[in-house]
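S.K.: Any chance you can model this:
(chains A, B and C)
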Amino acid sequence: MRDERLIFEKSVEGRIGYSLPISDVPKVNINSLFDGNLLRENSPEIPEVSEVDVIRHYTKLSQRNFGVDSGFYPLGSCTMKYNPKINEDMASLDGFTQMHPLQGPESSQGCLELLYRMDRYLSEILGMEKVTLQPAAGAQGEMTGLMIIKAYHTSRNDHKRVKIIVPDSSHGTNPASAALVGFEVVHIPSDERGCVDINALKETLDDTVAGLMLTNPNTLGLFEEDILEISRMVHECGGLLYYDGANMNAIMGIARPGDMGFDIAHVNLHKTFSTPHGGGGPGSGPIGVAKELVPFLPVPVVEKQDDCYVLDYDRPLSIGKVKSFYGNFSVIVRAFSYIMTMGPQGLKEASQTAVLNANYIRKKLEDLYEIPYNRTCMHEFVLSAVRQAKNGATALDIAKSLIDRGYHPPTIYFPLIVKEAMMVEPTETESPETLDQFIEAMRELAKLAEEDPESLKKAPRKAHVTRLDEVKAARTPVLRWSK
Amino acid sequence: MEVRDGLYYSKDHEWVRVEGDLAYIGITDYAQHSLGSIVYVEIPETGSTVEQGGVLGVVESVKAASDVYSPVSGTVEEANEALEDNPELINEDPYENHIAVVRMSNKDELELLMDKARYEEFTKGE
Amino acid sequence: MKSSYIPATKKQQEEMLKTIGIKSIDELFSAIPDQLRLKEDLNLPDPLSEHELKKQTQELTNKNYDASRNVCFLGAGIYDHIIPSAVSHITSRQEFYTSYTPYQAEMSQGILQAMFEFQTMIAELTGMDAANASLYDGASALYEAVILACRYNNRNEVVVARSINPEYRKVLASVLRHSGIEIKEIDFYCEGDKSGTVNLESLRKALSDKTSAVVIQSPNFFGIVEDLKATSQMAKEVNALLIAVCDPISLGVFEAPGNLGADIAVGEGQPLGNPMNFGGPLLGFFAVKKPLIRRMPGRIVGETTDSEGKRGFVLTLQAREQHIRREKATSNICTNQAMCALTATVYLSLMGKKGLYEVASQCIDKSVYAYNSLLNTNSVSKVFDAPFFREFVVKPAIHPKKLNDELLKDNIIGGYDLSTDYPELKGCWLVAVTEKRDRAEIDLLADRVKNICQGGV
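M.R.: Here you go, the predicted structure:
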């Protein structure tokens, strides 16, 4: 039976969904203890439902959602790889979940050891000196890295460095994070190869530049071949290099940001290190830094003294704290579990296979779709539906039609520099059979776009809803249920 | 794309209709077209001062938010409150639905703006 | 050993290489300059099987003193509440936890509707007009609120009570360091019947026409309920906003900040069914009054209709987000804490109106019982006079650090030592007692504290 009601609309007065233990201490008279105007006049509209109601309701909702376990999710820039189940089991051990963050190092040696080892492992993978696990997500990692860049220049009394350079193909978080930390953002164009335009970069570089933010491979899925030249140029003018690690899944065990000349790098544990995306979060965005930036890391830093792990707060040059406590610990446990089961060869094989899979799809679609920078790609590539759009079927229509065929669509309309962009990232965890079926679906859609573009416009037909009116949602926002 | 006679145009796609010292300011047909369905317009506070090129308001569609820059300097005499509830008026007729009226402090600034012919030429290149 | 998460066989990979028209996987990486290509494997431990990993991880957890094997009286922002079993059965459904941010609304109606329900519950609890679909934690929700306020009224000073969680104030100070926003801290009364609450005279003095917002936490870090109405009136006098940091469980009993004049309500949602998890992930919530709705940071779900007129949900008000507006965005935030928000939604549904009230009132009953029991030992002394919720400050006869070390031997996780964050509260101890504690545990605490302080063991 179809039931579209909200949980509030299922509420029946007097029903309960959980039985609390009966209190065995004396009852306090709340009304005499507290001043009357501090107490709630009307109780909040929290639904009154039974446990069965709750389980049925949210189980039904889950059936209107699509996860990596449901099917292929080639969402570019997001690395929707399989989330191993053992990682979930490890993260749900009582010995982790029931730990209070403030109980002190003596009683939390297991947690601290795990954090310390993760710092060492990620430092090795990134080619960095030390890693902080505090940032809650990639964007917060960026903010932290930029705060470190600022602190570094300030510590050298170099106050004129106000600019952060980002390529026009960068993720939106890059300029947004730079603005949050008080930097001026300078965009530089990409050249005809889809890489940083070296000449444009040269013209931008001077003693007001604090740093450059770069994704490598970049958002077109291409490796910035001139990276050593770029980092030399930026360093020569006194700037620092920040590595946006969203695309780290292409190069684990193959090359390292530290060796490329980056001074700071973040990784998204929820992309590269297989932790689930959770319908939007929680993620985790640790950052690694080069040796001369270690003093600026957020506090506390987990250190090992003899055989004990300690939290070091006594760091006068530290930028302070960017998040409560030590980061998204249970996400870090999952990533730890992943690194431990993959080992060095496994991580390398993951990147190799991810790149192989992307190139395989690219090769098998290049005759039907425009591929603006068509050469060997890394773990993802960007195709353009311009040919199909001319006929009336846009990237959006193709994306929605993929839903009817059981796939989550690729990222569309990003990066902004490619028209009708569709960014495909298969990851290493998909079998060649799955890739072939997806290729078949994409080829069928290209054909349909030519023969009957109108039929794509009505997609999706098999989902729980048809296309939704986003204009209405934004014009007159209804953001909550009301009685 | 409609471009009207008798108006001044800026490179950021705003138009100005001059009535004495008052400048009626809105966004052009070209601008509303490239934004698509407008879902929200943030209008300036009456009495606030703006510089030429300063932010006068924000026009939002589902997939974009675009600053409206004031083509002239002056004091905001009136803001078009009708747009708060009916932002789609700009899509319906961008030239009849101004965003704000500014009392100009320097009418010479108008000379830096384009006329119909030059604006038409300008949008061809965009 | 080959990874079981990578399905392509050697033979299949060779065929794929042939399709691409190259001979080896190495060729795929030819764009990477040779000097950058690692010549050796990364220096990481050799891979473990699942079985071995379990064993090693168990050993790690054995080095921890967790709240399942120890009785927890520690709070200070993170609380050990009862979590119904049904919660994790929902949040471990793969359709939820292995999905992405719901950009493709048609195949994400489940999480979108759940987030809409979450927004409704937060708006209800806080008495605000709208809430977003969550932020990283209470601390980040607070800095986002301050940034919003300063942009909204074009002012650059915020007045912040020192009785706000020190962890939040530390994050606020470091994130705002380069923003041009100045933070003025306000002390609290140390004596009298209002002791422990924000000093209203100092507050009034700090306010001016430069003040963008007043930030107050209630119940504050010491567990004491603040008079939000009084602070909101003062804020209104200088046209500043009131940002209330609040605790969702307490709102089962106490008046909603929205009904007391708050313009923005933020806080930590961890107590709503989320495990403590050594401090992360947490659940920042963020709710506003109507004029601020379009300036809210983060993901927001809105109700709409599909092409057949059926109710559906989409991410909305996205035009000011970073992926569209880049450096002009309201915030740089991209991910949210959807799974923690889902947890809170399921938790609140299970508890219901009455259950939430019961949790909150048991927190009061049990913390009052513990407070009196501890005072009766004559080993701790009173610090503040104002009534509290779930948490209270006392001063034990010996230093809290030493006391906690001794309590741990009896499998008790003691309270928070206030000495570092508040020099004027040196030697003071912040004790949290949730509905999860029972009389026997509280009696044991009082008994042990008495023995330890009196020199016995």
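S.K.: make it CA atoms for all contacts and neighbour counts henceforth
M.R.: Fine.
S.K.: what's the next secondary structure element after the longest helix along chain A?
M.R.: Using DSSP state H, we find that the single longest helix of chain A is helix A:329-365. As assigned by DSSP states H and E, the chain's next helix or strand after helix A:329-365 is strand A:381-384.
S.K.: close to chain C, is that next one?
M.R.: No: legend: contact between strand A:381-384 and chain C by C-alpha under 8 Å from any C-alpha of the partner chain is lacking; minimum distance shown is 13.2 Å.
S.K.: And the contacts of that strand?
M.R.: By C-alpha atoms under 8 Å, 6 or more residues apart in numbering or on different chains, the residues outside strand A:381-384 that reach it are A:76, A:220-222, A:358-359, A:362, A:369-373, A:395, A:418-425.
S.K.: Mark which of those are buried, thanks.
M.R.: The neighbour count (16 or more other C-alpha atoms under 10 Å in any protein chain shown) marks A:76, A:220-222, A:358-359, A:362, A:369-373, A:395, A:418-425 as buried among those.
S.K.: what's around residue 98, how many residues?
M.R.: With no chain named, the answer covers chain A. Other residues near A:Q98 come to 23 when the count uses other C-alpha atoms under 10 Å in any protein chain shown.
S.K.: I was after chain B.
M.R.: B:H98 has 24 neighbours, counted by other C-alpha under 10 Å.
S.K.: State the phi and psi torsions of A:P167.
M.R.: Main-chain torsions, A:P167, degrees, to the nearest 10: phi -70, psi 160.
S.K.: residue contacts, it?
M.R.: A:187-190, A:196, A:213-214.
S.K.: Mind picking the one among those residues that's closest to A:I264?
M.R.: Each of those was scored against A:I264 by C-alpha to C-alpha, and A:M213 proved nearest at 9.5 Å.
S.K.: Wait, that closest one touches A:S169, no?
M.R.: No: if you go by C-alpha atoms under 8 Å, A:M213 and A:S169 don't touch, sitting 11.2 Å apart.
S.K.: which sections of chain A are below the confidence cut-off?
M.R.: A:1-3 (pLDDT under 70).
S.K.: Go again with 50.
M.R.: For chain A, the stretches with pLDDT under 50 are A:1.
S.K.: name the element the spatially closest residue to A:M143 that is not a sequence neighbour belongs to?
M.R.: Of all residues not flanking A:M143 in the chain, A:S177 sits nearest, at 5.2 Å (C-alpha to C-alpha, 6 or more residues apart in numbering or on different chains). A:S177 belongs to helix A:173-180 when assigned by DSSP H and E.
S.K.: So which other helices or strands are in contact with that helix?
M.R.: helix A:138-155, strand A:163-167, strand A:184-188, helix C:322-325 (3 or more C-alpha pairs under 8 Å, 6 or more residues apart in numbering or on different chains; DSSP states H and E).
S.K.: count of residues packed around A:T394?
M.R.: With other C-alpha under 10 Å as criterion, A:T394 counts 22.
S.K.: mind listing what it touches?
M.R.: A:T394 neighbours (C-alpha under 8 Å, 6+ apart): A:385-386, A:388, A:420.
S.K.: ok, now with 7 Å
M.R.: A:T394 is in contact with A:385, A:388, A:420, counting by C-alpha atoms under 7 Å, 6 or more residues apart in numbering or on different chains.
S.K.: cool, and B:L110?
M.R.: B:L110 neighbours (C-alpha under 7 Å, 6+ apart): B:V72.
S.K.: how much space between it and B:T75?
M.R.: Distance of B:L110 to B:T75, given as C-alpha to C-alpha, to the nearest Å: 15 Å.
S.K.: next one: C:K426
M.R.: Counting by C-alpha to C-alpha - C:K426 and B:T75 are separated by 56 Å.
S.K.: More neighbours: the two, which one.
M.R.: Counted by other C-alpha under 10 Å, C:K426 and B:T75 do not tie: B:T75 has more neighbours, with 19 against 15.
S.K.: Help me confirm that the more buried one is found in a strand?
M.R.: Yes: looking at B:T75 with DSSP: H, G, I helix; E, B strand; the rest coil, it is inside a strand.
S.K.: nearest residue to it other than its sequence neighbours?
M.R.: For B:T75, the spatially nearest residue (C-alpha to C-alpha, 6+ apart) is B:T49, at 4.3 Å.
S.K.: That neighbour: neighbour count?
M.R.: Neighbours of B:T49 using other C-alpha under 10 Å come to 18.
S.K.: wait, isn't it in contact with B:V72?
M.R.: No: counting by C-alpha atoms under 7 Å, B:T49 sits too far from B:V72 to count as a contact (10.6 Å).
S.K.: all strands of the stretch 151-300 of chain C, in order?
M.R.: Along the stretch 151-300 of chain C, counting by DSSP state E, counting those that start in this stretch, strands occupy C:157-161, C:182-186, C:211-218, C:241-246, C:264-268, C:284-288.
S.K.: Now tabulate these in JSON lines and tack on mean neighbour count and distance to B:I43.
M.R.: JSON lines is the format used below for those (neighbours: other C-alpha atoms under 10 Å in any protein chain shown; distance: least, C-alpha to C-alpha, whole Å):
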{"stretch": "strand C:157-161", "mean neighbour count": "24", "distance to B:I43": "25"}
{"stretch": "strand C:182-186", "mean neighbour count": "18", "distance to B:I43": "28"}
{"stretch": "strand C:211-218", "mean neighbour count": "28", "distance to B:I43": "21"}
{"stretch": "strand C:241-246", "mean neighbour count": "28", "distance to B:I43": "21"}
{"stretch": "strand C:264-268", "mean neighbour count": "29", "distance to B:I43": "22"}
{"stretch": "strand C:284-288", "mean neighbour count": "30", "distance to B:I43": "20"}
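S.K.: Can you add distance to C:I82 and mean pLDDT and give those back as TSV?
M.R.: Shown next, in TSV, are the strands of the stretch 151-300 of chain C (distance: least, C-alpha to C-alpha, whole Å; pLDDT from 0 to 100):
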stretch	distance to C:I82	mean pLDDT
strand C:157-161	30	98
strand C:182-186	35	97
strand C:211-218	22	98
strand C:241-246	20	98
strand C:264-268	16	98
strand C:284-288	20	98
